[in-house]
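[1] quick one, structure for this:
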Amino acid sequence: MTAVAALAAATVLAAATTASAHVIVDPSSVPKNATDRTFAFRVPNEDDTKSTVKVEIDFPTDHPVPSALVAPVPGWTDKITTTKLTTPIHTDDGDVTDVVSQVIWSGGQIAPGHYQDFTVELGALPEGTDQVVFKALQTYSDGNVVRWIEEPQAGQPEPKNPAPVLHLTAAAADGDSAGAATPAPTGGATAAPTTTATATAAAAAKADASDSTARGLGIAGIVVGVLGVLAAAAGVLLGRRGRTGTSA
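    Residues are numbered from 1 along each chain as shown. Below you'll find the predicted structure:
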């Protein structure tokens, strides 16, 4: 039974590892109005003997990303391809007509059992959609190409080669669109400071009460100790007087 259980556990673990070992975008979700966010395309090497030598990320053209910057990756060379839009994207900084359509990293290696993060910064996110689907091509040192291009469908099992998907959630409150992807407080912008102040005051009051209790117990202990010493001394004196009267 032990051997069967171990085999079953190993099978489940292997299945889970295989299912999760695909190209993803991290974080996988942000508010729709998020700006200037950094994302990493995480590429794991699934081959036991071959290295990954090229990674291609194709940006969507149906919901283009207005602007993108690519961070250098040590040991790798990046090539950025842009495309001109038929309909410009209107932004606060003006109309955008050229967008990144593809980034290719090559020249480096991802060894078996390792992964590599390829980082980009997106200045803004596309409008009119709840997700951004990227397509990734992973080339191994033997020339084999794995195409991570299948778009996951809601309510359906995950496809064999799922594409990296960035989910766009409800827009964040004003002032929360930049920075870390932290959910806005339910009570609005002032809820967090008020709650924090209340919690701090409560903690301070609790600490003061604890200190007062500790001091009271300490004083009581000292009083009990003194009374104990006095009682012991009285006992000794009474004992001596008793022995003296008996001797007389």
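[2] now do the helices in this protein.
    Using DSSP state H, the helices of the chain run over 2-20, 191-247.
[3] just give the number of residues close to T81.
    12 (other CB atoms under 10 Å). Placement of C-beta: from N, CA and C, glycine included.
[4] tally of neighbours for Q138?
    Taking other CB under 10 Å as the definition, Q138 ends up with a neighbour count of 23.
[5] give me the longest strand you can find in the chain.
    strand 94-110 (DSSP state E).
[6] sorry, back to before: among the helices of the chain, where is the model least confident on average?
    Mean pLDDT across the helices of the chain is lowest at helix 2-20; the value there is a mean of 42.
[7] how confident was the prediction at the residue nearest to T82 when sequence neighbours are not counted?
    Take T82 and drop its neighbours on the chain: the residue closest to it by CB to CB, 6 or more residues apart in numbering is D98, 4.8 Å away. As predicted, D98 sits at a pLDDT of 90.
[8] check contacts around D98.
    With CB atoms under 8 Å, 6 or more residues apart in numbering as the criterion, the residues that contact D98 are T82, T83, K84, L85.
[9] which parts of stretch 86-101 are buried?
    By neighbour count, and taking 16 or more other CB atoms under 10 Å as the criterion, the buried residues in stretch 86-101 are I89, V96, V99, V100, S101.
[10] correct me if wrong: the last one contacts F59.
    Just to be clear, that refers to S101. Yes: at 5.3 Å, S101 and F59 qualify as touching, with contact defined as CB atoms under 8 Å.
[11] just to revisit the earlier point, could you report the distance from the residue nearest to T82 to D58?
    Between D98 and D58 the distance, using CB to CB, to the nearest Å, works out to 16 Å.
[12] swap in L166?
    Note on L166: its distance to D58, by CB to CB, is 13 Å.
[13] now swap in S28 and tell me
    As defined by CB to CB, S28 lies at a distance of 18 Å from D58.
[14] have a look at these two and say which one is more surrounded.
    The residue with more neighbours, out of S28 and D58, is D58; 18 against 12, by other CB under 10 Å.
[15] tell me the pLDDT of that one.
    D58 carries a pLDDT value of 97.
[16] how about it, nearest residue that isn't a chain neighbour?
    Once its chain neighbours are removed from consideration, D58 has its nearest residue in K135; the separation is 4.2 Å (CB to CB, 6+ apart).
[17] that neighbour: neighbour count?
    A count of neighbours around K135, defined by other CB under 10 Å, yields 19.
[18] as a markdown table, the contacts of D98 with neighbour count would be great.
    Below are the contacts of D98 laid out as a markdown table (neighbours: other CB atoms under 10 Å):
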| residue | neighbour count |
| --- | --- |
| T82 | 13 |
| T83 | 14 |
| K84 | 9 |
| L85 | 16 |
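[19] list just the nearest of those to W76.
    For the contacts of D98, the closest approach to W76 (CB to CB) belongs to T82, at 19.5 Å.
[20] beta partners for the closest one?
    For T82, the beta-bridge assignment (DSSP bridges) gives partners V100.
[21] go ahead and confirm it touches V99.
    Yes: using CB under 8 Å, T82 is in contact with V99, at 6.3 Å.
[22] P44: neighbouring residues, count only.
    For P44, the number of neighbouring residues by other CB under 10 Å comes to 18.
[23] per-residue confidence at it?
    Note for P44: predicted pLDDT of 97.
[24] again with P159
    Residue-level confidence at P159 comes out at 91, pLDDT.
[25] could you report the neighbour count for V165?
    Using other CB under 10 Å, V165 is surrounded by 15 other residues.
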